[in-house]
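>>> Turn this into a model:
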Amino acid sequence: MNIPERFNSFPAYTPIEPLEVLSARLGRSPENIIKLDANENPYGPSPKARLALSNLQFAHIYPDPESRALRSALANFTGAPVENLIAGAGADELIDLILRVLLEPGDRVAVCPPTFGMYAFDTGVNAGEVIEVPRQADFSIDLPALQQVVRTRQPKILFLATPNNPDGSFPSREELEAILDLPLLVVLDEAYIEFTQTAGRLGEGLTRIRQVSERDNLVVLRTFSKWAGLAGLRVGYGAFPGWIMPTLWKAKQPYNVNVAASQAAIASLDDLDYLAANVERINAERQRLYARLCQIPYLKPYPSQSNFILCNVVGRPALELKNLLAARYGILLRYYHIPLLKDSIRVSVGRPNDSDVLIDALENL
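Numbering: from 1, shown residues only. As a prediction, the model looks like this:
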């Protein structure tokens, strides 16, 4: 039996390594590592989520395959109809599910790099063709180029992160409306929507999730990994138009959201004041950290609407900087050196003390 030809040269996705592996490699205890490489929430889960996990009763029973209690809580939280919602093992699972359901071999999927690598990765896994529409120098969407690609190449799906990862930019209302008018399925990945400063509490002003039931070509994905501090439990959700829901229910794994993740997510939705306060702290620290990064002469930071800041490294190798920060100070950052993003680092927003240690290290280097 042969492996399909497309996998022979298939590039593997490179995830962030676990803390225990990094601890052993650096020769530092986890407590002496400042982990700013994966956009994790430094404040962790809410007290109610921690309590729900400590009191978990039915770990020996299979979870509800429809995640009914979680979806009901999500409908109250988002304003999206419960019948349009599906929960997943992180939003990553739902990205793959969309592509498994909709793609025939050779179908095209549009992405706007630099952006989240899982869109292209899952397209390849599902025998699709990735069409790249590179962003402009300021990371804004090249709307005329995108419109031209849709006309000439006819992709079936567009994945768009709002805000975008790794730069934290957010398209204008007019740009989004023009994109949603295109003749293809638009998947808005709102993994970081809760950190958008002008959006009201927890992103409620900018999210498009309540429009899904009104638009046949819109999907919105969201996650508990960032704002709710549940990255390790892998729980996300999506809102989908009605025409695709029956097929998604048939195609998804039956027990995809485990009982611990489900209970922690439900408890998080019952602790919104606590989590919103943490998001406000992260946003305030993002502003402070951005101002201090601007003072480092060899860094060019970009404004961000998320819980991270992308910096171009000028006059020295970015990889060398990343490695020195890890080896000397136990500070972990994300490094990028790809065609559209050379010599760059991405800094997750941590606690104020984390930022202070980072800035001191950057000044010393």
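>>> all strands in the stretch 201-350 of the chain, in order from the N-terminus.
218-223, 236-239, 299-301, 308-313, 331-338, 341-348 (DSSP state E, counting those that start in this stretch).
>>> Give me the mean pLDDT for the third one.
Same thing as strand 299-301. Summarised as a single mean, pLDDT over strand 299-301 is 98.
>>> Same question for stretch 313-333.
pLDDT averaged over stretch 313-333 gives 96.
>>> buried stuff in that stretch?
313, 318, 321, 322, 324, 325, 326, 329, 330, 331, 332, 333 (16 or more other C-beta atoms under 10 Å). Yep, even glycine has a C-beta here, placed from its N, CA and C like the rest.
>>> C-alpha coordinates for it, PDB please?
Extracted in PDB, the C-alpha atoms of stretch 313-333 (Å, rounded to 0.1, in the frame of the first residue of the first chain):
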ATOM      1  CA  VAL A 313      14.600  42.800  13.800                       C
ATOM      2  CA  VAL A 314      16.900  45.300  12.100                       C
ATOM      3  CA  GLY A 315      20.600  45.100  11.800                       C
ATOM      4  CA  ARG A 316      21.100  41.700  13.500                       C
ATOM      5  CA  PRO A 317      19.800  38.100  12.900                       C
ATOM      6  CA  ALA A 318      16.400  37.500  14.500                       C
ATOM      7  CA  LEU A 319      17.200  33.900  15.000                       C
ATOM      8  CA  GLU A 320      20.400  34.800  17.000                       C
ATOM      9  CA  LEU A 321      18.300  37.200  19.100                       C
ATOM     10  CA  LYS A 322      15.700  34.500  19.800                       C
ATOM     11  CA  ASN A 323      18.300  31.900  20.800                       C
ATOM     12  CA  LEU A 324      20.200  34.400  23.000                       C
ATOM     13  CA  LEU A 325      17.100  35.300  24.900                       C
ATOM     14  CA  ALA A 326      16.300  31.700  25.500                       C
ATOM     15  CA  ALA A 327      19.800  30.500  26.500                       C
ATOM     16  CA  ARG A 328      20.700  33.500  28.700                       C
ATOM     17  CA  TYR A 329      17.400  34.600  30.200                       C
ATOM     18  CA  GLY A 330      15.000  31.700  29.700                       C
ATOM     19  CA  ILE A 331      12.700  34.000  27.600                       C
ATOM     20  CA  LEU A 332      10.900  32.200  24.700                       C
ATOM     21  CA  LEU A 333       9.700  34.100  21.700                       C
END
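>>> What lies in contact with that stretch?
22, 26, 28, 32-37, 298-300, 335-337, 343-348, 357-358, 361-362, 365 (C-beta atoms under 8 Å, 6 or more residues apart in numbering).
>>> among the strands of the stretch 201-350 of the chain, which is nearest residue 272?
strand 218-223 (14.2 Å; C-beta to C-beta).
>>> The closest one packs against which elements?
The helices and strands touching strand 218-223, judged by 3 or more C-beta pairs under 8 Å, 6 or more residues apart in numbering; DSSP states H and E, are helix 90-102, strand 185-189, strand 236-239.
>>> quick one: that strand to helix 90-102, angle?
Strand 218-223 runs at 150 degrees relative to helix 90-102, counting by axes from the mean of the first three to the mean of the last three C-alpha atoms, to 10 degrees.
>>> Just want the angle from strand 218-223 to strand 185-189.
Using the same axes, to 10 degrees: strand 218-223 against strand 185-189 is 20 degrees.
>>> Okay, now the sheet partners of strand 218-223, with direction.
With DSSP bridges as the test, strand 218-223 is paired with strand 185-189 (parallel), strand 236-239 (antiparallel).
>>> wait, which of those is closest to residue 109?
For the strands paired with strand 218-223, proximity to residue 109 was assessed by C-beta to C-beta; strand 185-189 is nearest, at 9.3 Å.
>>> can you tell me the average pLDDT over the closest one?
Throughout strand 185-189, pLDDT has a mean value of 98.
>>> Run the chain-centre distance for it.
Remark: strand 185-189 is offset 13 Å from the chain centroid, using C-alpha atoms, centre = their mean, to the nearest Å.
>>> Show me where the stretch 101-250 of the chain has its helices.
118-125, 143-153, 173-180, 245-251 (DSSP state H, counting those that start in this stretch).
>>> follow-up on the earlier one: now the buried residues of stretch 313-333 in JSON lines, with distance to residue 189?
Formatted as JSON lines, the buried residues of stretch 313-333 follow (distance: C-beta to C-beta, whole Å):
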{"residue": "313", "distance to residue 189": "27"}
{"residue": "318", "distance to residue 189": "25"}
{"residue": "321", "distance to residue 189": "29"}
{"residue": "322", "distance to residue 189": "26"}
{"residue": "324", "distance to residue 189": "33"}
{"residue": "325", "distance to residue 189": "29"}
{"residue": "326", "distance to residue 189": "29"}
{"residue": "329", "distance to residue 189": "32"}
{"residue": "330", "distance to residue 189": "31"}
{"residue": "331", "distance to residue 189": "28"}
{"residue": "332", "distance to residue 189": "24"}
{"residue": "333", "distance to residue 189": "22"}
